[in-house]
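1. Predicted coordinates and the sequence they were generated for:
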Amino acid sequence: MSNLAIAVLTVSDTRTPETDSSGDLIADLLTQDGHQLTARAIVKDDIYEVRKIVSAWIADPTIHVVVSTGGTGFSGRDTTPEALLPLFDTTIDGFGELFRQVSYEEIGSSTIQSRAVGGIANDTLIFALPGSNGACRTGWEKILHNQLDADFRPCNFAELIHRKLENGNH
């Protein structure tokens, strides 16, 4: 298992540090996997506030991965994908596709209402998960756990980050 520096962002109009169970869950899962929680924030469902925080994390060379939770549904305030997509240098289309596939096994056709997205910006991996604890656990355990493990084969995203660090990039 590789050790990556990961920032966690909760996007919610209602969560507080005391009630942010999905952010707590992601933080616990990533540290259990040997990664470092290097930054954490809670932000209202506002495109520009989300972009402000994530942009700062993308510009920080000590942060390798950003995982957000919340704001990926279809309510009028759910704008996490709209906030993140313009920041991506490359979109990881397969992340959202795979998330919905594995989520279908758990919640059936309700998974169609998930707009989970992934991308890369300034050599930083960014993954946006829905805000429920179940969705966060699914996203971490069935996708991110392996993709952020440099030993996972045949390929993983952790290898890309480590290769860039070895070459003096980011």
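-> Yes, it's here.
2. Could you tell me how many residues sit around G23?
-> A count of neighbours around G23, defined by other C-beta atoms under 10 Å, yields 26. Quick note: C-beta positions are derived from backbone N, CA and C, even for glycine.
3. you'd agree it is up against I6?
-> No. If you go by C-beta atoms under 8 Å, G23 and I6 don't touch, sitting 11.8 Å apart.
4. chain center to the top helix by length along the chain, what's the gap?
-> Ranked by residue count and defined by DSSP state H, the top helix of the chain is helix 93-107. Taking C-alpha atoms, centre = their mean, to the nearest Å, one finds the center of helix 93-107 at 14 Å from the center of the full chain.
5. ok, residues contacting it?
-> In this structure, residues lying in contact with helix 93-107 by C-beta atoms under 8 Å, 6 or more residues apart in numbering are 111-112, 114-118, 127, 129, 134-135, 138-139, 142-143.
6. Which parts of the chain are helices?
-> In the chain, the helices defined using DSSP H lie at 21-32, 47-59, 80-84, 93-107, 133-139, 145-147, 157-166.
7. Give me the mean pLDDT for the first one.
-> The reference is to helix 21-32. Averaged across helix 21-32, pLDDT comes to 98.
8. Mind listing what's buried along it?
-> 22-27, 29-30 (16 or more other C-beta atoms under 10 Å).
9. what does the third one give?
-> Along helix 80-84, the positions that meet the burial threshold by neighbour count (16+ other C-beta under 10 Å) are 80-81, 83-84.
10. What is that helix packed up against?
-> Here helix 80-84 touches helix 47-59, strand 117-121, strand 124-129, going by 3 or more C-beta pairs under 8 Å, 6 or more residues apart in numbering; DSSP states H and E.
11. Return the most buried member of those.
-> strand 124-129 (a mean of 26; mean count of other C-beta atoms under 10 Å).
12. Which elements pack onto that one?
-> With 3+ C-beta pairs under 8 Å, 6+ apart as the test, strand 124-129 has helix 47-59, strand 65-69, helix 80-84, strand 117-121, helix 133-139 packed against it.
13. partners of it, with directions?
-> strand 65-69 (parallel), strand 117-121 (antiparallel) (DSSP bridges).
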